[in-house]
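Undergrad: this one's sequence-less:
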């Protein structure tokens, strides 16, 4: 089954038409709103060099889960 996702709001223009593999291998600055300074800070502080690293990072993953749980509280 083919899946299509619009990422134009979440990626810098130069990355909008790249493959998923290319995006995952890209530096975090490929995400809209992040810069090369963010790349350096993430690499220095947490060893994050790619978008895949960012998504797999235990701190960011835990934060995402906590936010999702918080949205389900009722």
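TA: Yep, it's here. Please read all numbers here as calculations on a predicted model, not as lab measurements.
Undergrad: where does the chain have low pLDDT?
TA: Counting by pLDDT under 70, the chain contains low-confidence residues at 74.
Undergrad: centroid-nearest residue for the chain?
TA: Centroid-nearest residue in the chain, with CA atoms, centre = their mean: residue 51, separated by 4.7 Å.
Undergrad: that one against residue 20, yeah?
TA: No. Assessed by CB atoms under 8 Å, residue 51 is found out of contact with residue 20, at 10.0 Å. Using the backbone N, CA and C atoms, a C-beta is placed for each residue, glycine as well.
Undergrad: quick check: buried residues in stretch 50-57?
TA: 50, 51, 53, 54 (16 or more other CB atoms under 10 Å).
Undergrad: if you could redo that for stretch 44-51, that was the one I meant.
TA: Neighbour counts using 16+ other CB under 10 Å place 48, 50, 51 of stretch 44-51 among the buried residues.
Undergrad: also stretch 30-41?
TA: Neighbour-count burial for stretch 30-41 [16+ other CB under 10 Å]: 30, 31, 34, 39.
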